[in-house]
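[1] task: produce atomic coordinates for the following.
(one chain, ligands or ions: 1)
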Amino acid sequence: MTNNSVDTPALTALDHAAGLATYAAAGSVRAQGLNNRGPVRFTDAGELHPDILAAYWRHGFYVFEGLIHAEEISELRDGVDHLLQRAPTGQGALHDAQGRPAFGQNMARSPYVFIKPLSDPFGGTRALGGRHPTKMLQPEPDQRSPAETVHILSAMCETMEAGLRLYGHPHLMAIAAGINGEDFVPYNDATFVKQAGLGGSVSWHQDGVTHWDSDNWDEGIHGFNFQVQLFECTPQNSLWVVPGTHKLGRIDIKALVAANQGSEQLPDAVPLECQPGDVTVVNRQMLHGSFANTSAQTRVSLTFGFHRRSSVLGASGALGQDASEVYDEERIYWRSALLPVAADARAQHYPNEERYLYQPFAGKEAEFRYNANNIKRVVRNYYLRDLSI
Ligand SMILES: O=C(O)CCC(=O)C(=O)O
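    Down below sits the predicted model:
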């Protein structure tokens with residue numbers, strides 16, 4: 001299947017879904033052969049199990065099954081639902097669909113990114129460092145569709161208490177330490193909302209933009225992203241990855257798609273099929289993307305990443321950050337302070353759960369409790385200190 005052009009009739013959502021069916025089934029079979037999914041396991045010393053780490057480094061991704069309990073998933077769904085109910089009616093609008101003042105107007109940056117339904121907002125543009133060089137298929141949405149649909153919700157630790165608590169999840173933090181070292185540091189967060197019949201595509205890309213030409217480049221230098229899945233992820237609505245591509249350096253995506261007869265259905269890709277509560281870890285150097293969601297199932301993926309400290313210290317702003325920003329010790333300290341605050345928010349909500357002690361703030365737990373002072377100095381506007389590379 002080739003991309004739309006002005007000369008060809010518009011692709012219907014139905015045809016798009018039908019055009020994905022065979023590819024989706026084959027991708028699902030390929031994924032099953034990889035042996036990189038299952039429940040999280042730790043050694044007696046509390047470290048991420050070496051078999052899991054080996055599978056992650058081999059393929060560039062891992063699926064942790066059932067990591068987040070149903071009760072917490074339900075709280076997160078409520079949080080996202082609230083944000084969607086109170087969303088402005090479109091980018092920059094002041095009211096929600098009920099005519100109430102929209103959420104987020106007192107924030108330093110709107111937490112909502114809207115797009116035209118089923119569109120590919122970044123493919124083939126210079127946005128985000130031009131890292132999405134090709135355009136995905138853009139089927140025609142149903143005539144009753146709204147003009148704009150929410151594509152991304154950001155700042156989950158400020159907009160949802162459940163989002164902040166998730167950030168401090170002890171198993172997620174231990175996984176981050178296993179991959180990036182105990183002094184790991186945060187990246188950013190973005191919740192991808194792919195509503196049934198409306199959700200747009202995310203064109204094939206690799207996330208990292210800073211270190212491709214570094215002398216000390218390696219397969220882990222751009223960190224990884226978690227995706228916490230609130231609903232079932234099927235081959236039709238899920239993120240797809242090309243296994244092993246985190247080892248290849250910068251990929252010529254345009255040439256790859258051209259060599260595939262212009263089709264977005266890359267031959268070796270696999271879907272990240274998940275149940276609610278599963279968590280994926282995807283290396284940010286992986287070639288990955290997702291198709292327009294012409295299926296009947298919504299996907300909501302809470303996406304947040306972590307880096308090695310050495311990848312970030314001294315780097316300049318990239319992606320959502322201005323190039324004039326420098327990630328010095330102080331910047332890293334205050335962005336990382338969200339982790340002990342999140343761990344304490346979690347401990348207050350789930351008092352019987354063992355808390356993760358984040359090594360860079362060891363001994364400072366009392367100073368970084370979840371309280372009014374730290375909501376003001378650490379949580380508010382935390383996303384302005386993101387560490388994007
Ligand atoms: O979940 C998606 O559809 C896109 C996610 C993605 O591209 C990313 O996390 O970089």
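[2] please make it C-alpha for all contacts and neighbour counts, starting now.
    OK.
[3] residues in contact with the least confident helix or strand in the chain by mean pLDDT?
    When the helices and strands of the chain are compared on mean pLDDT, DSSP states H and E, helix 127-130 comes out lowest with a mean of 85. With C-alpha atoms under 8 Å, 6 or more residues apart in numbering as the test, helix 127-130 has contacts from 122, 124, 209, 318-320.
[4] cutoff 7 Å now
    With contact meaning C-alpha atoms under 7 Å, 6 or more residues apart in numbering, helix 127-130 is reached by residue 319.
[5] using CSV, list the CA coordinates for it.
    What follows is helix 127-130 as a C-alpha-only set of coordinates in CSV (Å, rounded to 0.1, in the frame of the first residue of the first chain):
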residue,chain,number,x,y,z
ALA,A,127,9.0,19.3,13.6
LEU,A,128,10.9,17.7,16.5
GLY,A,129,14.3,17.9,14.8
GLY,A,130,12.8,16.4,11.6
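[6] in that helix, what counts as buried?
    For helix 127-130, burial by neighbour count (16 or more other C-alpha atoms under 10 Å) applies to no residue.
[7] partner strands of the helix or strand following that helix, parallel or antiparallel?
    Note on helix 127-130: by DSSP states H and E, the next helix or strand toward the C-terminus is strand 149-154. According to DSSP bridges, strand 149-154 has the following sheet partners: strand 112-115 (antiparallel), strand 185-194 (antiparallel).
[8] point out the most buried one among these.
    strand 185-194 (a mean of 24; mean count of other C-alpha atoms under 10 Å).
[9] what segments of this protein are strands?
    37-38, 61-64, 112-115, 149-154, 185-194, 202-205, 224-229, 239-242, 270-271, 279-283, 287-290, 299-307 (DSSP state E).
[10] Throw the ones you listed into TSV and include mean pLDDT and distance to the ligand, thanks.
    Listed next are the strands of the chain as TSV, based on pLDDT from 0 to 100; distance: least, C-alpha to the nearest ligand atom, whole Å:
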stretch	mean pLDDT	distance to the ligand
strand 37-38	98	18
strand 61-64	98	12
strand 112-115	97	13
strand 149-154	98	9
strand 185-194	98	5
strand 202-205	98	6
strand 224-229	98	6
strand 239-242	98	5
strand 270-271	98	11
strand 279-283	98	8
strand 287-290	98	5
strand 299-307	98	6
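[11] among those, which is nearest residue 136?
    strand 202-205 (5.7 Å; C-alpha to C-alpha).
[12] what comes into contact with that closest one?
    Defining contact as C-alpha under 7 Å, 6+ apart, one finds that strand 202-205 is touched by 120, 122-123, 131-132, 134-136, 287-291.
[13] endpoints of stretch 198-213, how far apart?
    The first residue of stretch 198-213 is 38 Å away from its last residue (C-alpha to C-alpha, to the nearest Å).
[14] any idea how far it is from the chain center?
    Taking C-alpha atoms, centre = their mean, to the nearest Å, the mean C-alpha location of stretch 198-213 is offset from the chain mean by 11 Å.
[15] burial of residue 57, as a residue count?
    Using other C-alpha atoms under 10 Å, residue 57 has 18 neighbouring residues.
[16] meant to ask about residue 21, not that
    Per other C-alpha under 10 Å, the neighbour tally for residue 21 reads 13.
[17] got it, and the one 5 residues further on?
    The tally of other residues near residue 26 (other C-alpha under 10 Å) stands at 16.
[18] need the pLDDT of it.
    Per-residue confidence (pLDDT) for residue 26: 98.
[19] JSON lines for the strands of the chain, including distance to residue 313?
    Shown next, in JSON lines, are those (distance: least, C-alpha to C-alpha, whole Å):
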{"stretch": "strand 37-38", "distance to residue 313": "32"}
{"stretch": "strand 61-64", "distance to residue 313": "25"}
{"stretch": "strand 112-115", "distance to residue 313": "29"}
{"stretch": "strand 149-154", "distance to residue 313": "24"}
{"stretch": "strand 185-194", "distance to residue 313": "10"}
{"stretch": "strand 202-205", "distance to residue 313": "24"}
{"stretch": "strand 224-229", "distance to residue 313": "17"}
{"stretch": "strand 239-242", "distance to residue 313": "28"}
{"stretch": "strand 270-271", "distance to residue 313": "33"}
{"stretch": "strand 279-283", "distance to residue 313": "19"}
{"stretch": "strand 287-290", "distance to residue 313": "25"}
{"stretch": "strand 299-307", "distance to residue 313": "10"}
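[20] give me the number of residues near the residue lying closest to residue 247 once chain neighbours are set aside?
    Spatial nearest neighbour of residue 247, chain neighbours left out: residue 219 (5.1 Å); criterion: C-alpha to C-alpha, 6 or more residues apart in numbering. Neighbourhood size, residue 219 [other C-alpha under 10 Å]: 18.
[21] with residue 299 instead?
    24.
[22] from residue 69, how far out is it?
    Separation of residue 299 from residue 69 (C-alpha to C-alpha): 18 Å.
[23] so residue 296 sits right up against residue 194, yeah?
    No - taking contacts as C-alpha atoms under 7 Å, residue 296 lies outside contact range of residue 194: 10.6 Å.
[24] switch the strands paired with strand 149-154 over to CSV; also include distance to residue 96.
    CSV is the format used below for those (distance: least, C-alpha to C-alpha, whole Å):
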stretch, distance to residue 96
strand 112-115, 12
strand 185-194, 17
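[25] the residue nearest to residue 247 is in contact with residue 246, isn't it?
    Yes - judged on C-alpha under 7 Å, residue 219 makes contact with residue 246 at a distance of 5.7 Å.
[26] quick one: the closest residue to residue 14 other than its chain neighbours from residue 368, how far?
    Nearest non-adjacent residue to residue 14, counting by C-alpha to C-alpha, 6+ apart: residue 294, 7.2 Å away. Distance, residue 294 to residue 368, using C-alpha to C-alpha: 44 Å.
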